[in-house]
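> one predicted model, sequence on top.
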Amino acid sequence: MAETTQKERQEAAAFNGTRKLIRPHLPVLDRRRATDPLHVEDPLTHALAESHVVTESSHAEAFYFQKQIQMQTEMMVVLDDGEEFRGVIEWYDKCVVKLRVGRQRVLVYKSGIKYLFKASEAQQHNSVMK
């Protein structure tokens, strides 16, 4: 038995950089909670789980955002509560749009956006956007 522990110590001392992945054995109930999005503790993740999953996409949103980012187009973003932001889109992802408003950076959840449009179009169609 002393030889096996000494052998284990030698193997540990001669660590070559690769590590063995060890996964804990979770009870069935805990495994279900880990994979079930409705039992996640993070409220933001829970909100995402309630959204409807669309498997097909035309990628029109991604194309539009990429074009506005490349052209540095000033955009008007109107939120559900009526608050407006005027700025340039810096980046976006599945849930958030990041705007540069003056010298500040603002993260806006897409779920809170009522609509957005080019700021140059705001003066032309001012009476329509009420």
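Everything's here; your move. These numbers come from a predicted model, not from an experiment.
> show me the strands in the chain, by range?
74-79, 84-92, 96-101, 104-109, 113-118 (DSSP state E).
> mean neighbour count and distance to residue 66 added to those, as a markdown table?
All C-beta atoms are positioned from the backbone trio N, CA, C, and that covers glycine. Output for the strands of the chain, formatted as a markdown table (neighbours: other CB atoms under 10 Å; distance: least, CB to CB, whole Å):
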| stretch | mean neighbour count | distance to residue 66 |
| --- | --- | --- |
| strand 74-79 | 18 | 13 |
| strand 84-92 | 16 | 9 |
| strand 96-101 | 17 | 12 |
| strand 104-109 | 13 | 17 |
| strand 113-118 | 14 | 15 |
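> so for residue 23, which of these sits nearest?
When those are compared by CB to CB, strand 96-101 sits nearest residue 23, at 31.6 Å.
> who does that closest one touch, helix- and strand-wise?
When contacts are defined as 3 or more CB pairs under 8 Å, 6 or more residues apart in numbering; DSSP states H and E, strand 96-101 packs onto strand 74-79, strand 84-92, strand 104-109.
> which one of those strands lies closest to residue 62?
Among these, the nearest to residue 62 by CB to CB is strand 84-92 (8.3 Å).
> residue 99 bridge partners, please.
On the basis of DSSP bridges, residue 99 is bridged to residue 89, residue 106.
> hmm, it is touching residue 84, no?
No - using CB atoms under 8 Å, residue 99 is not in contact with residue 84, being 11.2 Å away.
> overlap in contacts, these two.
Taking CB atoms under 8 Å, 6 or more residues apart in numbering as the criterion, residue 99 and residue 84 both touch residue 77.
> thinking again about what came up before, dump the strands of the chain into JSON lines; add distance to residue 64 and mean pLDDT as well.
Output for those, formatted as JSON lines (distance: least, CB to CB, whole Å; pLDDT from 0 to 100):
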{"stretch": "strand 74-79", "distance to residue 64": "10", "mean pLDDT": "94"}
{"stretch": "strand 84-92", "distance to residue 64": "10", "mean pLDDT": "94"}
{"stretch": "strand 96-101", "distance to residue 64": "11", "mean pLDDT": "94"}
{"stretch": "strand 104-109", "distance to residue 64": "15", "mean pLDDT": "94"}
{"stretch": "strand 113-118", "distance to residue 64": "10", "mean pLDDT": "93"}
